[in-house]
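Visitor: let me see the structure of the following:
(one chain, ligands or ions: 2)
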Amino acid sequence: MKQVHVVAGVIRDVRGRILLARRTEGRDLAGLWEFPGGKVEPGESPEDALVRELREELGIEATVGAPVACVPLETPGKRLLLDVREVAFSGHPRGLEGQALAWVPLRKLVDYPMPPADLPVVAELLLRG
Ligand SMILES: Nc1nc2c([nH]c(=O)n2[C@H]2C[C@H](O)[C@@H](COP(=O)(O)OP(=O)(O)OP(=O)(O)O)O2)c(=O)[nH]1
Ligand SMILES: [Mg+2]
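Guide: Ligands and ions are numbered 1, 2, ... in the order given. As a prediction, the model looks like this:
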């Protein structure tokens with residue numbers, strides 16, 4: 001079965017809020033909130049993929065930091081590996097692909113519906129405080 005490696009970033013502002021993006025209509029998991037990122041392309045490192053995705057989706061220059069969580073998930077069609085990293089950045093994030101953005105305080109993350117693979121990631125963030 002196809003294995004999809006997805007890398008996503010925990011992007012924090014000076015107040016410690018975390019940036020979520022809402023998946024647009026017409027794709028899988030539309031309407032759910034996610035950590036910005038995307039698929040690692042063949043021959044690409046996860047770090048390079050995350051820098052590229054955050055440039056494309058948000059227009060920021062990212063520096064990839066420590067791992068937060070790595071979640072394997074089997075769905076009927078595919079095997080997903082969601083690899084989430086802390087990210088430092090320069091620039092001002094904008095939804096360059098028409099996606100809504102929200103800066104969310106840690107305690108409010110649970111109010112935003114997210115894909116199943118994100119639940120352990122949110123749990124880990126809450127645990128770390
Ligand atoms: N970016 C991101 N994707 C997630 C998260 N949780 C989760 O299940 N996913 C899934 C949704 C998608 O099936 C997959 C990411 O693929 P995507 O379609 O957004 O990939 P991409 O940004 O490279 O975009 P595309 O060019 O393939 O359309 O991972 C998350 O927190 N962030
Ligand atoms: Mg994406």
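Visitor: and the strand ranked longest in the chain, what other elements does it pack with?
Guide: Ordering each strand of the chain by length in residues (DSSP state E) puts strand 61-74 first. With contacts defined as 3 or more CB pairs under 8 Å, 6 or more residues apart in numbering; DSSP states H and E, strand 61-74 has these neighbours: strand 3-11, helix 46-58, strand 79-90, helix 119-128. To be clear about C-beta, it is placed using only N, CA and C from the backbone, and glycine gets the same treatment.
Visitor: which parts of the last one are buried?
Guide: For helix 119-128, a neighbour-count test (16 or more other CB atoms under 10 Å) marks 120, 121, 122, 125 as buried.
Visitor: ligand 1: which of those is nearest?
Guide: Closest approach to ligand 1 among these (CB to the nearest ligand atom): residue 121, at 6.9 Å.
Visitor: ignoring the adjacent residues along the chain, who's closest to the closest one?
Guide: residue 69 (4.6 Å; CB to CB, 6 or more residues apart in numbering).
Visitor: dump the residue contacts of the one you found.
Guide: Counting by CB atoms under 8 Å, 6 or more residues apart in numbering, residue 69 makes contact with 82, 84, 120, 121, 124.
Visitor: apply 7 Å and report the result again.
Guide: For residue 69, the contact set (CB atoms under 7 Å, 6 or more residues apart in numbering) comprises 84, 120, 121, 124.
Visitor: can you check residue 40 too?
Guide: 5, 7, 46, 49.
Visitor: swap in 10 Å and give it another go.
Guide: 4-7, 46-50, 52-53, 81, 83 (CB atoms under 10 Å, 6 or more residues apart in numbering).
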